[in-house]
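Asker: Quick one, what's the 3D model for this:
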Amino acid sequence: MQDQQVMREEIEQCILGAMIIDEADGSIKRKALLTIKPEWFYFPFHRKIYEAIGKLVAKKAPVDFVTLQEIMGDEPEFKTQEGLKY
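Answerer: Numbering: from 1, shown residues only. Model prediction:
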């Protein structure tokens, strides 16, 4: 069971990482946002990051660590090393 949880965490991290480093045209972000529902993320922190990326895309703002930090700056997990992993 723990192996499945670790694998799920890594998959979610890969999805979020791909969205963050997506090229300027944003094709990965757009496809992910059209396909993946926030509630499909098992880890609440991942869900929050995904929703923050969605907000930035809706505003046509760049998605990077700086803009994510502006949106998620009050999240305790984002202030710790945990947030810096992504």
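
Asker: Excluding chain neighbours, what is closest to Ile49?
Answerer: Spatial nearest neighbour of Ile49, chain neighbours left out: Leu16 (5.3 Å); criterion: C-beta to C-beta, 6 or more residues apart in numbering. Quick note: C-beta positions are derived from backbone N, CA and C, even for glycine.

Asker: Helices of this protein, residue ranges please.
Answerer: Ranges of helices within the chain are 2-21, 27-35, 44-58, 65-72, 76-79, 81-84, based on DSSP state H.

Asker: can those go into JSON lines with extra columns for mean pLDDT and mean neighbour count?
Answerer: As requested, the helices of the chain are exported to JSON lines (pLDDT from 0 to 100; neighbours: other C-beta atoms under 10 Å):
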{"stretch": "helix 2-21", "mean pLDDT": "84", "mean neighbour count": "13"}
{"stretch": "helix 27-35", "mean pLDDT": "94", "mean neighbour count": "13"}
{"stretch": "helix 44-58", "mean pLDDT": "94", "mean neighbour count": "18"}
{"stretch": "helix 65-72", "mean pLDDT": "87", "mean neighbour count": "15"}
{"stretch": "helix 76-79", "mean pLDDT": "71", "mean neighbour count": "14"}
{"stretch": "helix 81-84", "mean pLDDT": "55", "mean neighbour count": "12"}
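
Asker: Just give the number of residues close to the closest residue to Leu56 other than its chain neighbours.
Answerer: Closest residue to Leu56 apart from its sequence neighbours, by C-beta to C-beta, 6+ apart: Val63 at 4.9 Å. A count of nearby residues for Val63, using other C-beta atoms under 10 Å, gives 20.
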